[in-house]
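*Asks:* Give me a 3D structure for the following:
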Amino acid sequence: MRSMRTVIIVLLAAISVASAQQGLTLQRCVELAKAFSLKSQASDAAIRASVLAREELQKSALPQFKVNSEVSYAPNSGTFGYDPAITDGGQVGGRVSVEQSLYDGGVRRLKSEQLSVEHSSLTKEKELDERDLKFAVEQLFIEGLQAQRSIALQQESAQQLQEYLDLVDRLSKGGAASYTDVLKTRLQLQSAERSIHKAHESLATAKYGLAELMGGTIDTNFVLEGTLGALLPGDKYGPDQAAYANNLDIALAELNVNKSTFETELARSERMPIISAIADAGLLTSFDNLRVAPSDRLGVYGYMVGVTLEVPLFTWGATDLRVQQHELATRALTLQLEGVKRSVAAEYRKTQLQLSNASQRLQSIRTSLKAAEENFALTKAKYAAGGVLSLEVLSAQQMLTDLRIDELDALTDTESLSAKLEQITSR
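*Replies:* As a prediction, this is how the structure comes out:
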């Protein structure tokens with residue numbers, strides 16, 4: 001009665017744990033990872049800052065209004081002080097001034113275009129981070145599914161060995177088999193149990209990695225839902241260069257070249273003149289004017305308009321050096337772009353080859369697997385009839401288990417390579 005109660009308690013606890021576990025699909029894991037990605041949040045802030053910078057630049061094209069006030073005093077004693085014709089005993093004033101740029105050598109236009117490229121670059125960087133995050137989640141999810149399936153396969157293998165051990169043990173007790181056969185079978189069963197523990201460890205590792213990518217807001221008490229072989233599309237990309245010619249890595253490298261080009265143009269624009277229109281209106285007078293009688297006092301209110309011209313004459317070659325620096329930086333980024341294109345092309349072709357080989361290997365393993373299943377069943381039956389040695393049965397069982405694990409590895413490789421191919425061709 002007590003043992004029955006214990007069994008019921010254990011079953012209820014198992015049911016409770018199973019019901020507490022939530023099932024997560026690959027799509028849900030990717031959604032959670034993106035929602036809690038710190039990189040994505042930082043990218044959003046950087047993108048917003050670039051939008052504000054462009055708005056600020058647009059505002060600077062409008063007339064700029066300022067309020068100027070001034071008070072000064074200059075003593076005039078006849079024997080000591082500045083020329084009274086210049087100082088007028090000091091000045092007092094308060095004016096509203098406005099300045100409007102008429103010509104800036106194209107600096108504002110270049111900066112506006114540069115900020116547009118910067119915004120596009122930041123957007124591409126965010127997309128690239130999300131792509132890499134998705135790939136990382138897919139890899140861990142595939143590893144988790146592999147571990148889950150490996151646990152099931154190893155448990156099935158252990159069950160087969162346990163059944164065979166029971167058979168060998170009965171035959172040994174009846175004198176039809178040696179105790180050595182029992183020991184060999186028991187050792188192989190223990191090896192299968194160790195493989196189960198190792199698969200559980202791999203599953204826990206994959207879950208911890210997924211939990212971290214998903215923001216750490218959930219624990220590892222979840223089950224991965226999905227089937228290897230149907231998780232991601234297989235070889236859907238042909239050898240056409242268009243599949244990867246404009247992927248995110250290449251697009252970002254091209255934008256970096258464009259940004260550097262604008263830096264060169266901005267450095268060249270430093271040689272251009274700057275023309276501005278200025279005007280002010282308000283009060284401006286001198287203390288000497290304020291000391292005279294009101295009837296003799298000159299006017300204190302008025303306005304002024306004018307044009308300013310600023311032309312750089314001699315910078316000791318500093319502008320030319322800046323232009324050369326930016327030209328060299330652009331050249332370096334252009335070479336990096338070519339390197340990225342080569343790397344992407346090579347990675348694409350390599351992944352295509354690996355995916356094709358993995359698919360062929362999978363088909364070959366499945367063909368051998370059917371024969372291995374028949375061989376194990378037949379060898380076990382022959383052993384029961386005394387036709388073969390126990391070592392042949394264990395060898396047949398091990399061959400069957402190895403082929404099942406090989407099939408699982410090939411399926412995992414196919415899914416991982418499909419995810420890699422999708423990452424390479426993301427635009």
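*Asks:* Tell me where the stretch 51-200 of the chain has strands.
*Replies:* 64-71, 91-103 (DSSP state E, counting those that start in this stretch).
*Asks:* how about JSON lines for those strands, with mean neighbour count, distance to residue 247 and mean pLDDT added?
*Replies:* For every residue, glycine as well, the C-beta is placed using N, CA and C. Below are those laid out as JSON lines (neighbours: other CB atoms under 10 Å; distance: least, CB to CB, whole Å; pLDDT from 0 to 100):
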{"stretch": "strand 64-71", "mean neighbour count": "11", "distance to residue 247": "44", "mean pLDDT": "89"}
{"stretch": "strand 91-103", "mean neighbour count": "15", "distance to residue 247": "41", "mean pLDDT": "90"}
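*Asks:* Mind putting these into TSV with distance to residue 160?
*Replies:* Compiled in TSV, those are given as follows (distance: least, CB to CB, whole Å):
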stretch	distance to residue 160
strand 64-71	85
strand 91-103	85
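*Asks:* closest one to residue 298 among these?
*Replies:* When the strands of the stretch 51-200 of the chain are compared by CB to CB, strand 91-103 sits nearest residue 298, at 12.8 Å.
*Asks:* Show me what that closest one packs onto, helices and strands only.
*Replies:* The contact analysis (3 or more CB pairs under 8 Å, 6 or more residues apart in numbering; DSSP states H and E) places strand 91-103 against strand 64-71, strand 274-286, helix 287-291.
*Asks:* could these go into CSV alongside distance to residue 338?
*Replies:* Below are the helices and strands packed on strand 91-103 laid out as CSV (distance: least, CB to CB, whole Å):
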stretch, distance to residue 338
strand 64-71, 44
strand 274-286, 38
helix 287-291, 71
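*Asks:* Please name whichever of the ones you listed is nearest to residue 325.
*Replies:* strand 274-286 (22.7 Å).
*Asks:* what's next to stretch 301-316, contact-wise?
*Replies:* Stretch 301-316 is contacted by residues 102, 270-271, 273-284, 319 when judged by CB atoms under 8 Å, 6 or more residues apart in numbering.
*Asks:* Let me know the closest of those residues to residue 259.
*Replies:* Checking the contacts of stretch 301-316 one by one against residue 259 (CB to CB), the nearest turns out to be residue 270, at 18.1 Å.
*Asks:* Identify the residues contacting stretch 126-135?
*Replies:* With CB under 8 Å, 6+ apart, stretch 126-135 has contacts from 30, 33-34, 37, 39-40, 43-44, 47, 213, 248-249, 252, 419-420, 422-423, 426.
*Asks:* at 6 Å instead, please
*Replies:* 30, 33-34, 37, 39, 43, 248, 419, 423, 426 (CB atoms under 6 Å, 6 or more residues apart in numbering).
*Asks:* count of neighbours near the closest residue to residue 114 other than its chain neighbours?
*Replies:* Of all residues not flanking residue 114 in the chain, residue 262 sits nearest, at 3.9 Å (CB to CB, 6 or more residues apart in numbering). Neighbours of residue 262 under the rule other CB atoms under 10 Å: 20.
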